[in-house]
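Visitor: model this:
(one chain, ligands or ions: 2)
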Amino acid sequence: MRISVEEHLSWILEASTPLPERVVAVHEAHGMILSETVRSRHPLPLWDNSAMDGYALRAADLATASERDPVELRIVGEVAAGSDADPTIAPGTAVRIMTGAPVPSTADAVVPVESTLSDRSDDVWAHRAVRVQAPARVGTNIRRRGEDVAAGSAIAHAGQPLGAARLAALAAAGAQQVRVRRRPRVAVIATGSELRGPGESLERGRIPESNSLLIAGLLRELGIEPVAVRRSADDAPGISRQLRELGAESDVVVTTGGVGPGRHDVVRIALEREERVRAVRVAVRPGQPQCAGRLSSGALVFALPGNPVSAAVSFELFVRPALLALQGRDDVQRIRVPARAAAGWRGAAGRLQVLPVVVADGPDGPSCVPAVDPSGVSHAVGGHGAANGYALVGADRGDVAPGDTVPVILVAP
Ligand SMILES: Nc1nc2c(c(=O)[nH]1)N[C@H]1C(S)=C(S)[C@@H](COP(=O)(O)OP(=O)(O)OC[C@H]3O[C@@H](n4cnc5c(N)ncnc54)[C@H](O)[C@@H]3O)O[C@H]1N2
Ligand code: MOO
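Guide: Numbers count the residues shown, from 1 in each chain. Ligands and ions are numbered 1, 2, ... in the order given. Below is the predicted model of the structure:
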């Protein structure tokens with residue numbers, strides 16, 4: 001049976017019920033997914049403040065100001081950022097003010113220092129009196145209290161990721177702690193008797209193990225530090241034991257290799273006994289053989305094909321969305337952007353083609369070029385290393401001609 005990517009993903013997402021919530025300090029929440037609505041405790045900005053280093057004054061005083069006939073205002077004080085001073089500005093006076101400092105309640109405009117003349121030739125800042133050569137409109141260079149965010153308005157919602165900008169917004173809005181979903185505990189097992197670790201000798205038939213680095217790295221790019229990263233020979237009882245052990249102490253176990261129909265494809269064989277795990281063939285290239293579901297020991301399992309690019313594509317299509325859904329993320333799909341194919345390639349008739357590409361920006365918008373030979377993608381670990389995205393060519397689309405527009409997702413961190 002061959003099922004579509006959408007069908008396999010929706011089955012996976014149904015099983016990916018959100019993990020428990022916990023309250024964490026805002027400064028420890030980077031990369032987590034919010035599970036509540038957060039409202040601003042106060043208006044942003046907190047008070048009317050200056051957008052410029054300059055002079056707070058009364059706009060009416062400058063009505064007649066011109067280059068030929070500057071208006072002179074007497075300096076009656078200074079307000080720096082952090083100061084709580086509120087000096088009174090009577091007609092004909094001004095105060096020196098710095099960016100971010102509260103605007104005195106009797107001022108209604110700020111004129112930047114560089115549009116003024118100082119009363120001292122050796123200094124840009126006026127000492128006793130400042131001369132202004134042009135009128136100013138009421139409100140000029142004043143950032144009004146609440147113009148960015150009103151007090152009590154929602155600043156972030158459940159399901160949204162806490163990236164740097166959103167965390168900064170929460171801190172500015174007075175949040176100290178936030179409710180988030182716990183991060184999944186994820187274990188990784190790279191299977192295959194041919195695999196060798198760094199520095200081990202590569203006799204005929206042996207190859208350097210790379211999938212554990214790939215999967216652990218993709219997890220880290222999601223902010224998840226794997227709880228275990230292991231290597232295993234093609235030994236069914238050994239793999240069953242590891243799945244039992246790791247499945248009991250993790251939320252998710254990701255394996256690579258051993259899901260094909262071969263005599264040594266022992267992960268598939270070990271998982272045959274698991275009632276809630278299903279083995280399917282998905283209409284995608286690469287990444288066709290997939291096993292996924294829930295282990296009797298408790299964790300979700302994703303048994304990905306061993307071919308390195310197949311493993312990477314499978315992670316992108318199925319594991320990443322599941323890890324986000326476990327954390328309650330509202331949007332588990334990447335944004336697709338159209339890119340111009342700088343070279344053409346053969347499609348994957350009847351299957352979704354997920355082709356590693358190098359995406360570059362240019363004067364005509366994004367373009368992409370295959371990072372690997374499109375006729376032999378799944379094993380091409382070397383070329384895949386240069387890819388920063390995947391072109392998604394629909395099952396019914398056929399070949400891609402140079403200059404065609406194709407949807408791509410950007411995956412590089
Ligand atoms: N008769 C058939 N043979 C194959 C089929 C099929 O339908 N019928 N499907 C092919 C497809 S498509 C894929 S994908 C693979 C699935 O393979 P397995 O999951 O069983 O993976 P392995 O056989 O263990 O390995 C495949 C390939 O990848 C290399 N590999 C595995 N693990 C690693 C690792 N950790 N680091 C680096 N490289 C790894 C491994 O040496 C193999 O070259 O089956 C096809 N065959
Ligand atoms: O489906 Mo396999 O993943 O093409 O190489």
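Visitor: CA only for contacts and neighbour counts going forward, please
Guide: Will do.
Visitor: for the closest residue to Ala172 other than its chain neighbours, list the residues it contacts.
Guide: Spatial nearest neighbour of Ala172, chain neighbours left out: Leu44 (7.8 Å); criterion: C-alpha to C-alpha, 6 or more residues apart in numbering. Going by C-alpha atoms under 8 Å, 6 or more residues apart in numbering, Leu44 touches Arg145, Gly146, Glu147, Asp148, Val149, Ala150, Ala151, Ala172, Ala173.
Visitor: what about Leu44, distance to Asp108?
Guide: Leu44 sits 19 Å away from Asp108, taking C-alpha to C-alpha, to the nearest Å as the criterion.
Visitor: also Gly238?
Guide: Distance of Gly238 to Asp108, computed by C-alpha to C-alpha: 76 Å.
Visitor: and these two? Which one has more around it.
Guide: Shown here are Gly238 and Asp108; by other C-alpha atoms under 10 Å, Asp108 has more neighbours (21 against 14).
Visitor: the more buried one contacts Leu62, doesn't it?
Guide: No - applying C-alpha atoms under 8 Å, one finds Asp108 not in contact with Leu62, separated by 11.5 Å.
Visitor: any of the contacts of Leu44 buried? List them.
Guide: Buried subset of the contacts of Leu44 (neighbour count, 16 or more other C-alpha atoms under 10 Å): Arg145, Val149, Ala150, Ala151, Ala172, Ala173.
Visitor: still on that earlier bit, TSV for the contacts of Leu44, including pLDDT?
Guide: Shown next, in TSV, are the contacts of Leu44 (pLDDT from 0 to 100):
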residue	pLDDT
Arg145	98
Gly146	98
Glu147	98
Asp148	98
Val149	98
Ala150	98
Ala151	98
Ala172	98
Ala173	98
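Visitor: just send these back as a markdown table, with distance to Pro402 and secondary structure too.
Guide: Shown next, in a markdown table, are these (distance: C-alpha to C-alpha, whole Å; DSSP: H, G, I helix; E, B strand; the rest coil):
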| residue | distance to Pro402 | secondary structure |
| --- | --- | --- |
| Arg145 | 54 | coil |
| Gly146 | 51 | coil |
| Glu147 | 49 | coil |
| Asp148 | 46 | coil |
| Val149 | 47 | strand |
| Ala150 | 50 | coil |
| Ala151 | 53 | coil |
| Ala172 | 48 | helix |
| Ala173 | 49 | coil |
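Visitor: the residue lying closest to Leu304 once chain neighbours are set aside - how many residues pack around it?
Guide: Counting by C-alpha to C-alpha, 6+ apart, the nearest residue to Leu304 once its immediate chain neighbours are dropped is Thr256, at 4.7 Å. Neighbour count for Thr256, taken as other C-alpha under 10 Å: 26.
Visitor: and Thr256, what does it touch?
Guide: Thr256 is in contact with Ile189, Ala190, Thr191, Asn211, Ala303, Leu304, Pro305, Gly306, Ala311, counting by C-alpha under 8 Å, 6+ apart.
Visitor: give me the beta-bridge partners of it?
Guide: In this entry, Thr256 is beta-bridged to Ala190, Leu304, by DSSP bridges.
Visitor: now it: how far from Ala233?
Guide: Distance, Thr256 to Ala233, using C-alpha to C-alpha: 12 Å.
Visitor: also Gly347?
Guide: 35 Å.
Visitor: more neighbours: which of these two?
Guide: Taking other C-alpha under 10 Å, Gly347 and Ala233 do not tie; Gly347 has more neighbours (23 against 14).
Visitor: my guess is that one contacts Val393, does it?
Guide: Yes - with contacts counted by C-alpha under 8 Å, Gly347 reaches Val393, the gap being 7.1 Å.
Visitor: what bits of this protein have low per-residue confidence?
Guide: Applying pLDDT under 70 to the chain picks out residues 1.
Visitor: contact partners for the residue positioned nearest the centre of it?
Guide: The centroid of the chain falls nearest to Gly163 when counting by C-alpha atoms, centre = their mean (6.4 Å). Residues in contact with Gly163 (C-alpha under 8 Å, 6+ apart) are His30, Gly31, Met32.
Visitor: now render those residues as JSON lines, adding secondary structure and distance to Ala134.
Guide: As requested, the contacts of Gly163 are arranged in JSON lines below (DSSP: H, G, I helix; E, B strand; the rest coil; distance: C-alpha to C-alpha, whole Å):
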{"residue": "His30", "secondary structure": "coil", "distance to Ala134": "47"}
{"residue": "Gly31", "secondary structure": "coil", "distance to Ala134": "49"}
{"residue": "Met32", "secondary structure": "coil", "distance to Ala134": "51"}
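Visitor: which among those count as buried?
Guide: For the contacts of Gly163, a neighbour count by 16+ other C-alpha under 10 Å gives the buried set as His30, Gly31, Met32.
Visitor: filter those residues down to the ones close to ligand 1.
Guide: Among those, proximity to ligand 1 is found for none (C-alpha under 6 Å from any ligand atom).
Visitor: Pro363: which of those is nearest?
Guide: Among these, Gly31 lies closest to Pro363 (C-alpha to C-alpha), at 32.9 Å.
Visitor: pull the contacting residues for the closest one.
Guide: By C-alpha under 8 Å, 6+ apart, the contact list for Gly31 reads Pro161, Leu162, Gly163, Leu222, Gly223.
Visitor: give me that answer again for 10 Å
Guide: Pro161, Leu162, Gly163, Ala164, Leu167, Arg183, Glu221, Leu222, Gly223, Ile224 (C-alpha atoms under 10 Å, 6 or more residues apart in numbering).
Visitor: so what's the fourth one up against?
Guide: Remark: with contacts taken as C-alpha under 10 Å, 6+ apart, Ala164 is in contact with Ala29, His30, Gly31, Leu170.
Visitor: ditto for the last one
Guide: The neighbourhood of Ile224, defined by C-alpha under 10 Å, 6+ apart, consists of Gly31, Met32, Arg183, Pro184, Arg185, Val186, Ala216, Gly217, Leu218, Leu323.
Visitor: out of those, give me the one that has the most neighbours.
Guide: Busiest of the contacts of Ile224 [other C-alpha under 10 Å] is Leu323, holding 27 neighbours.
Visitor: next up, the contacts around that one.
Guide: By C-alpha under 10 Å, 6+ apart, the contact list for Leu323 reads 13, 16-19, 183-186, 219, 222, 224, 251-252, 315, 329, 332.
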